[in-house]
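Engineer: fold the following for me, if possible:
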Amino acid sequence: MLPPSKKVYTAGFWLMCLSSFLFFMSFNMLLPELPDFLTRLGGAEYKGFIIALFTLTAGISRPFSGKLADTVGRIPVMVFGSLVCFVCGFFYPWVTTVAGFLGLRLLHGFSTGFKPTGTAAFIADIIPFERRGEAMGLLGVAGSLGMAAGPALGPYITAATSLNTLFYCSSGLALLSLAVQGTMTETLPKAQRQRFSWSLLRLDWRNEILEPRVLSPALVTLLCLFPFGAILTIVPDQSRALGLSAGEKGLFYTCYTLASLLVRLVAGRASDKYGRLPVLRLSTAMMVVALTMLTLVEHSVPLFLGSAVLFGLATGLNSPTLYAWTVDLSHPARRGRAVATMYIALEVGIGLGALLAGWVYGNIDSHLPYVHAISVGSTLLALLYLLWGVKKQPPVLA
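Structural biologist: Predicted structure coming up:
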């Protein structure tokens, strides 16, 4: 137990939550509009690349952001990620070709390759072991609010003003996130900090790409995030196929994210109390059910939105628990690398889900259930691994 005088949630924690809210809102508000934007540019067949290219550079950059977070500092890594998000949002209105759009999505991915890595390491530094699940849940609430507000607000901004205004709003929110980070104090100990040099970008491929201690949570992350990449890719088209209006394209995301937000508020300490693995088994089983519902949607909007709610509840339990499990198993001196390993798995899962969804869907609405069926298989594999494949490892109590 913590001493009564020990304050768990400092101003730095709440500022980080605010920064995450603004950051996630920034790039998520674009998602409902990007498939149509790419179609107007003549690239309808490349819809799967909207998410896949974004996650590709995010995944590639994780080993670098993890190493820099452990050497240069948590805050510089976050600042770079927010700066990339600001610049990319500003340049979307100037894109006139499919190649230019895909190149910008590739660049935009660096934002999530850096910002969340620094954020998770920062939070792990300031929150004690016995409250990590709760803290990751609260941080997830902030991110979920951004993810809910962004897709819900984006179509309305576009309808009321213009698509270019939406892009500039996205850029502005990233700039606000950047400004909030300027008020924080670095948590990496001074003895570990180095001045940035290009030599830090040289990686030891045996020791600085993946952190072996966190491979189990990384594998579960990959399998559980595969469906998310598929959903991000095809849900705007599935919403249209169900007859939802242009302003309602973000409704699935809103239901999903609000449900995720609710469970994080109510059950933020669940994994601290009951253990990481029991909560992950329950949440992954809920994902299986939610994705099975999506395969049966056909023309039912209530079933479509109901599956969004259940998937959101499952993710609200699953995501902070995976974060906490990863941090539990990581040594403080390699915490940035451990978090980066988990995020590499996250990006690979989302990217593969997006690519496969775009290929299987092929702009043919009757193929939508097949995409969701593949996602069911991915989460079933995760559940089986959690039930029988995980080897017990003692947490690092620091």
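
Engineer: going by C-alpha atoms from here, please, whenever you check contacts or count neighbours.
Structural biologist: OK.

Engineer: list the contacts for residue 137?
Structural biologist: By CA atoms under 8 Å, 6 or more residues apart in numbering, the contact set of residue 137 is 264, 265, 268, 269, 316, 320, 321.

Engineer: pLDDT wise, what is it at?
Structural biologist: In this model, residue 137 is scored at 78, pLDDT.

Engineer: roughly how far apart are the closest residue to residue 158 other than its chain neighbours and residue 282?
Structural biologist: Spatial nearest neighbour of residue 158, excluding adjacent residues (CA to CA, 6 or more residues apart in numbering): residue 166 at 5.9 Å. Distance, residue 166 to residue 282, using CA to CA, to the nearest Å: 38 Å.

Engineer: the helices in this protein, which residues?
Structural biologist: Taking DSSP state H as the test, the helices found in the chain are 11-28, 34-40, 48-71, 74-91, 98-126, 132-160, 163-181, 215-241, 251-267, 270-274, 276-295, 301-328, 335-361, 368-388.

Engineer: turn these into JSON lines, including distance to residue 198.
Structural biologist: Output for the helices of the chain, formatted as JSON lines (distance: least, CA to CA, whole Å):
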{"stretch": "helix 11-28", "distance to residue 198": "27"}
{"stretch": "helix 34-40", "distance to residue 198": "35"}
{"stretch": "helix 48-71", "distance to residue 198": "11"}
{"stretch": "helix 74-91", "distance to residue 198": "14"}
{"stretch": "helix 98-126", "distance to residue 198": "16"}
{"stretch": "helix 132-160", "distance to residue 198": "32"}
{"stretch": "helix 163-181", "distance to residue 198": "23"}
{"stretch": "helix 215-241", "distance to residue 198": "28"}
{"stretch": "helix 251-267", "distance to residue 198": "39"}
{"stretch": "helix 270-274", "distance to residue 198": "40"}
{"stretch": "helix 276-295", "distance to residue 198": "38"}
{"stretch": "helix 301-328", "distance to residue 198": "28"}
{"stretch": "helix 335-361", "distance to residue 198": "18"}
{"stretch": "helix 368-388", "distance to residue 198": "38"}
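
Engineer: quick one: closest of those helices to residue 199.
Structural biologist: Comparing the helices of the chain by their distance to residue 199 (CA to CA), the top pick is helix 48-71, with 11.0 Å.

Engineer: one step back: and the helices of the chain: which comes nearest residue 195?
Structural biologist: helix 48-71 (8.1 Å).

Engineer: who does that closest one touch, helix- and strand-wise?
Structural biologist: helix 74-91, helix 98-126, helix 215-241, helix 335-361 (3 or more CA pairs under 8 Å, 6 or more residues apart in numbering; DSSP states H and E).

Engineer: what residues does the first one touch?
Structural biologist: Pointing back at helix 74-91 there. With CA under 8 Å, 6+ apart, helix 74-91 has contacts from 23, 26-27, 65, 68-69, 104, 107-108, 110-119, 121-122, 167-175, 177-178, 181, 184-188.

Engineer: equivalent analysis for stretch 307-314, please.
Structural biologist: With CA under 8 Å, 6+ apart, stretch 307-314 has contacts from 252-253, 255-263, 283-284, 286-287, 290-291, 293-294.

Engineer: next: stretch 264-284.
Structural biologist: Taking CA under 8 Å, 6+ apart as the rule, stretch 264-284 contacts 130-138, 140-141, 224, 313-318, 320-322, 324-325, 379-380, 382-383, 386-387.

Engineer: got a quick ChimeraX command for the buried subset of those residues?
Structural biologist: Listed next is the ChimeraX selection for buried residues among the contacts of stretch 264-284, using 16 or more other CA atoms under 10 Å:
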select :131,132,133,134,135,136,137,138,140,141,224,313,314,315,316,317,318,320,321,322,324,325,379,380,382,383,386
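
Engineer: which of residue 166 and residue 282 has more neighbours?
Structural biologist: residue 166 (27 against 14; other CA atoms under 10 Å).

Engineer: the closest residue to residue 239 other than its chain neighbours: neighbour count?
Structural biologist: Distance criterion CA to CA, 6+ apart; nearest residue to residue 239, sequence neighbours excluded, is residue 249 at 5.9 Å. Counted with other CA under 10 Å, the neighbours of residue 249 add up to 25.

Engineer: what do you get for residue 349?
Structural biologist: 28.

Engineer: to residue 14, which of the helices and strands packed on helix 48-71 lies closest?
Structural biologist: helix 98-126 (10.2 Å).

Engineer: quick check: buried residues in the closest one?
Structural biologist: Buried-residue list, helix 98-126, by 16+ other CA under 10 Å: 98, 101-102, 104-126.

Engineer: same deal with stretch 279-286?
Structural biologist: 279, 280, 281, 283, 284, 285, 286.

Engineer: now do the contacts for the nearest residue to residue 393 once chain neighbours are set aside.
Structural biologist: Spatial nearest neighbour of residue 393, excluding adjacent residues (CA to CA, 6+ apart): residue 329 at 7.4 Å. Each residue near residue 329 by CA under 8 Å, 6+ apart is listed here: 213, 214, 393, 394, 395, 396.
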